[in-house]
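Enquirer: My questions are about this predicted structure, shown below with the sequence.
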Amino acid sequence: MKKIVVVGGGSGSFSVLQGLKGYPYDITAVATTFDSGMHTGEIRDRFGTLPSGDVRRQILALAPEDHSSILRGLFMFRYEEPEAKFSKSLGNLMLMAAEKITGDPVAGIKAISELFQIRGRVLPVSTDDAHVCVELKDGTVIRGESNIDKPKHDGSIPIVSVYLEPEALIYRETYEVTRDANLLVVSPGDLYSSLSPIFVVNGYTDAVQECKGMKVCVANLMTKWGETNGYTVADCARVLTKYLGIPKFDAVICNSKPLDPGLLKKYAEEKAFPMAIDEAILRNYAGNIIKAPIADETGGIIRHNSRELARILKGCVP
């Protein structure tokens, strides 16, 4: 089978993986492992285990849709008391327990993956304990993924660089699957708190540069306050190619579907706006620009359409 590696975290990689699992490919999801917020960060600090938020989402994305509804429900269950600012994810606790029982973070992930009979595998980019740091244009350094994701600083000040503190080394199996991929997909996601931290892991760019397969980026639909204010798709592609160590992507997939004006007003309240596609500049970072209706507004949330993405990515497999 053709080997597809999907890199990223959050709802972006979930959408990509959920669509691809219906095709006969050897799929590997590579998760960012430097979260520091909410329950994931609490477990990381208290138990010293690998941050599991993105791993949990990727396992769910690759699980069969007809799998035990109670098992999926347990893994997705989150107990919340908003007034007390209390939020606990049972899935995170299950992954922490699996790591403790097996004595190894990757063994724990594989044990839970077997429990869910997932289509493919999920790997961490690194098993090292590191935190995401960014430097702003004014020289300020922000430490911790959660502080970047939800800025307490002036979010209008641009981010100019990202790094890990301390440095982290790529997990060996992750290096190998990345190097051997027929198609490497950079999923949509937070540019500086989710995607770029993966690419600054020591050894990751080496694996990408050794990879002879196609390298495709799925563009974000919206900007994000504190990270990509005023960014275009070309701006994101410029940053990603810099950290990946490649001159350009073989293709960048962009949305062509008009978005609901009423819904956009709600997003504007969060200072999030549609990400413009400046094709003339984007050609500097993309061998091919694929414009398609990849947006989905079901439930009043702007997200990527899993089926449409999978259909397009299928056409990118060499």
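Expert: Looks like it arrived, so ask away.
Enquirer: immediately after the helix or strand containing Val106, which helix or strand?
Expert: Per DSSP states H and E: Val106 is located in helix 105-116. Downstream of helix 105-116, the first helix or strand assigned by DSSP H and E is strand 121-124.
Enquirer: returning to what we had before: would you mark the buried spots in the helix holding Val106?
Expert: Residues of helix 105-116 classed as buried: 105-106, 108-113, 115-116 (neighbour count, 16 or more other CB atoms under 10 Å). C-beta coordinates here come from the backbone N, C-alpha and C atoms, glycine included.
Enquirer: got CSV for those, with distance to Glu65 and pLDDT too?
Expert: Formatted as CSV, the buried residues of helix 105-116 follow (distance: CB to CB, whole Å; pLDDT from 0 to 100):
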residue, distance to Glu65, pLDDT
Pro105, 27, 92
Val106, 26, 95
Gly108, 24, 95
Ile109, 21, 95
Lys110, 21, 96
Ala111, 22, 96
Ile112, 18, 94
Ser113, 16, 95
Leu115, 16, 90
Phe116, 12, 90
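Enquirer: show me where the stretch 101-250 of the chain has strands.
Expert: Using DSSP state E, counting those that start in this stretch, the strands of the stretch 101-250 of the chain run over residues 121-124, 131-136, 141-143, 159-165, 183-186, 214-218.
Enquirer: got a list of contacts for the last one?
Expert: Among residues not part of strand 214-218, those counted as contacts by CB atoms under 8 Å, 6 or more residues apart in numbering are 12, 16, 182-188, 208, 236-237, 240, 244, 246, 249-253, 286, 294, 304, 309, 313, 316-318.
Enquirer: mind running it again at 7 Å?
Expert: With CB atoms under 7 Å, 6 or more residues apart in numbering as the test, strand 214-218 has contacts from 16, 183-188, 237, 240, 246, 249-253, 304, 309, 313, 316, 318.
Enquirer: Mark which of the residues you listed are buried, thanks.
Expert: Taking 16+ other CB under 10 Å as the criterion, what is buried in the contacts of strand 214-218 is 16, 183-188, 237, 240, 246, 249-253, 304, 309, 313, 316.
Enquirer: Helices - which of the residues you listed land there?
Expert: Counting by DSSP state H, these place 16, 237, 240, 309, 313 in helices.
Enquirer: which of these lies closest to Pro258?
Expert: Leu309 (18.0 Å; CB to CB).
Enquirer: before we move on, the earlier item: going by contacts, tell me the helices and strands next to the helix holding Val106.
Expert: Helix 105-116 sits against helix 53-62, helix 90-102, strand 121-124, with contacts defined as 3 or more CB pairs under 7 Å, 6 or more residues apart in numbering; DSSP states H and E.
Enquirer: Include distance to Leu221 and mean pLDDT when you put these into TSV, please.
Expert: Listed next are the helices and strands packed on helix 105-116 as TSV, based on distance: least, CB to CB, whole Å; pLDDT from 0 to 100:
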stretch	distance to Leu221	mean pLDDT
helix 53-62	18	90
helix 90-102	26	89
strand 121-124	24	97
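Enquirer: For those, could you give me a markdown table that also reports distance to Ala276 and mean neighbour count?
Expert: Below are the helices and strands packed on helix 105-116 laid out as a markdown table (distance: least, CB to CB, whole Å; neighbours: other CB atoms under 10 Å):
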| stretch | distance to Ala276 | mean neighbour count |
| --- | --- | --- |
| helix 53-62 | 27 | 26 |
| helix 90-102 | 36 | 19 |
| strand 121-124 | 33 | 25 |
